[in-house]
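1. Mind folding the following:
(one chain, ligands or ions: 1)
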Amino acid sequence: MHTAVSDCANCPKTVVQAAAKLVKVALGVGLVDAETLKERDATCGACPHLLPGAVRMLRKCELCGCFIGAKTRLAEERCPDQPPRWEALAQNK
Ligand code: SF4
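-> Numbering: from 1, shown residues only. A predicted model of the protein is given here:
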């Protein structure tokens, strides 16, 4: 079971919102630390909801449609699955 795209407050609803996330990453605004990024990357990499992409930055989460390369880097982002797969990471810190 998972959150529908329209229910996820952190997921982009428009191309403009998706582009804004990519710009934040490019500018280095609101990024997670290296350890959190590594953990998120590993979690998404093993997740059945990760869609394949020709290159890493083009892989997307099938639940929210976000580009994982940007999503995993932004501190404000949340995993849309229920239960959220990233919360287990935060609870183990
Ligand atoms: S954000 Fe969550 S549901 Fe989406 S690919 Fe990553 S771990 Fe899976």
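2. Show me what from this structure comes close to the ligand.
-> Within reach of the ligand by C-beta under 6 Å from any ligand atom, the chain has these residues: 43-44, 47, 49-50, 61, 63, 79-81, 85. Placement of C-beta: from N, CA and C, glycine included.
3. What about those residues, which are in strands?
-> With DSSP state E as the criterion, strands contain 50, 61 from among these.
4. By neighbour count, which of the residues of the chain next to the ligand wins?
-> Neighbour counts for the residues of the chain next to the ligand (other C-beta atoms under 10 Å) peak at C79, which has 27 neighbours.
5. can you count the residues close to the residue lying closest to it once chain neighbours are set aside?
-> The shortest distance from C79 to any non-neighbouring residue, by C-beta to C-beta, 6 or more residues apart in numbering, is to W86 (4.0 Å). W86: 21 surrounding residues under other C-beta under 10 Å.
6. I'd like to know which helix or strand in this structure has the lowest mean pLDDT.
-> Taking mean pLDDT, DSSP states H and E as the measure, the chain has helix 87-91 as its least confident helix or strand, at a mean of 68.
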